[in-house]
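Peer 1: Give the three-dimensional model of this entry:
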Amino acid sequence: MGAIRFTHHAAPWRRFFRCSFAASNESCKYAIHDLSRVELGRTPPLTPRFNMPFELGLSVAHEKASKGGKHEWFVCESMKFRLAKSLSALNGTDPNIHGGTVNGLFAELRNMFIRSDRQPSIQQMWTRSENGFGQTCGSPKL
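Peer 2: Numbers count the residues shown, from 1 in each chain. Presented below is the predicted three-dimensional model:
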């Protein structure tokens, strides 16, 4: 991939390129999007931030464009039926409902990545999270 040069006029697009790179990063086979944190901001005007749904959209587009099933995405929510109300374009998608708790999130992560050869317990996941999960796929520094 060639270098991308930005002028001061292009600076607002930097964040977009980071998001689009992260969503299309070929080294990332999985993308997990937790939409439960889409809430109204605290300062006027009270406005929800849509970065997470936007990044989910980039992941969906990347999955559709990738060949051979090289990208898989998951949606997390804290409440049943909230996804159907807030993002009806994804009707038919079963979100992973974690109930807004860490244990619930770990249980849903286990559900996303069920493997017959090794299935960590929630306690093992807690221990691993306290020690750091290690390297994750991320966006480049621009």
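Peer 1: Burial check on the nearest residue to residue 72 once chain neighbours are set aside, number of neighbours?
Peer 2: In space, and not counting its chain neighbours, residue 72 is closest to residue 30: 5.4 Å by Cβ to Cβ, 6 or more residues apart in numbering. The C-beta positions use only the backbone N, C-alpha and C, and glycine is treated the same way. Number of residues near residue 30 (other Cβ atoms under 10 Å) recorded here: 12.
Peer 1: now do the one 10 residues further on
Peer 2: Burial of residue 40 is recorded as 10 neighbouring residues (other Cβ under 10 Å).
Peer 1: What pLDDT does the model give it?
Peer 2: Predicted confidence (pLDDT) for residue 40: 86.
Peer 1: What residues are bridge-paired with it?
Peer 2: As for beta bridges, residue 40 partners with residue 48 under DSSP bridges.
Peer 1: was I right about it contacting residue 50?
Peer 2: No - the pair residue 40 / residue 50 is not scored as a contact, 11.6 Å apart, by Cβ atoms under 8 Å.
Peer 1: Quick check: neighbours shared by those two?
Peer 2: Common neighbours of residue 40 and residue 50 are not found (criterion: Cβ atoms under 8 Å, 6 or more residues apart in numbering).
Peer 1: By mean pLDDT, flag the weakest helix or strand of the protein.
Peer 2: When the helices and strands of the chain are scored by mean pLDDT, DSSP states H and E, helix 13-24 comes last with a mean of 58.
Peer 1: my guess is the residue nearest to residue 72 contacts residue 74, does it?
Peer 2: Yes - using Cβ under 8 Å, residue 30 is in contact with residue 74, at 7.0 Å.
Peer 1: shared neighbours of these two, anything?
Peer 2: The contact sets of residue 30 and residue 74 overlap at residue 112 (Cβ under 8 Å, 6+ apart).
Peer 1: I'd assumed residue 75 was in a helix, is it?
Peer 2: No - assessed with DSSP: H, G, I helix; E, B strand; the rest coil, residue 75 is strand; it does not lie in a helix.
Peer 1: neighbours around it, how many?
Peer 2: 23.
Peer 1: List the beta-bridge partners for it.
Peer 2: residue 33.
Peer 1: That one and residue 58: what is the separation?
Peer 2: For residue 75, the distance to residue 58 equals 13 Å [Cβ to Cβ, to the nearest Å].
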